[in-house]
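Trainee: Kindly generate the corresponding structure for this input.
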Amino acid sequence: MSSQLRSRSVSRTRVIKKSDLFPSGESLDPTALLADLLDNVKNLDAPLAVKVTDGENEVTYLLSVFLSKEYEVSGGKVRFGFKKLNVEHLRASISFDIYIESD
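Mentor: Numbering: from 1, shown residues only. Here you go, the predicted model:
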């Protein structure tokens, strides 16, 4: 079985937006981060996982949960709960797991 990888780059200004929710005044826009992929997803409630990493730390969310929140950006870092990831090295992927059981 093979997987397909399609990388793309986006500018910081495309995925970071002004926000009144946070003291820093900026937040990561998860919909903008995944925009090209979301055009091809028919059901956002499918059990798809979103993994976000900066090469050192990573977080994983269900797609529907990831899209329903905003994440504060401050000092070049994005806060995901207790973890902070470097904005400059941020990478996101969508995946799913299939388990095949023997009959």
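
Trainee: going on from the helix or strand where residue 32 lies, what's the next piece of helix or strand?
Mentor: According to DSSP states H and E, residue 32 maps onto helix 30-33. Toward the C-terminus, helix 30-33 is succeeded by helix 35-38 as the next helix or strand (DSSP H and E).

Trainee: Report the buried residues of that next one.
Mentor: For helix 35-38, burial by neighbour count (16 or more other C-beta atoms under 10 Å) applies to residue 37. The way it works is simple: take the backbone N, C-alpha and C, and place the C-beta from them, glycine included.

Trainee: Starting from whatever helix or strand comes next after that helix, tell me which strands it pairs with and how they run.
Mentor: Following helix 35-38 in sequence order, the next helix or strand is strand 49-53 (DSSP H and E). The pairing partners recorded for strand 49-53 under DSSP bridges are strand 58-62 (antiparallel), strand 91-95 (antiparallel).

Trainee: Include mean neighbour count and distance to residue 72 when you put those into a markdown table, please.
Mentor: Output for these, formatted as a markdown table (neighbours: other C-beta atoms under 10 Å; distance: least, C-beta to C-beta, whole Å):
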| stretch | mean neighbour count | distance to residue 72 |
| --- | --- | --- |
| strand 58-62 | 16 | 14 |
| strand 91-95 | 15 | 17 |
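
Trainee: so which of those gets nearest residue 34?
Mentor: Between residue 34 and the strands paired with strand 49-53, the tightest spacing by C-beta to C-beta is seen for strand 91-95, at 6.3 Å.

Trainee: Please work out which residues outside the closest one touch it.
Mentor: Contact with strand 91-95 is made by 33-34, 37, 41, 48-55, 63, as judged by C-beta atoms under 8 Å, 6 or more residues apart in numbering.

Trainee: Pick out the most distant pair among those.
Mentor: 41 and 55 (25.5 Å).

Trainee: Can you tell me how far the closest residue in space to residue 33 that isn't next to it in sequence is from residue 98?
Mentor: In space, and not counting its chain neighbours, residue 33 is closest to residue 15: 4.7 Å by C-beta to C-beta, 6 or more residues apart in numbering. As judged by C-beta to C-beta, to the nearest Å, residue 15 and residue 98 stand 30 Å apart.
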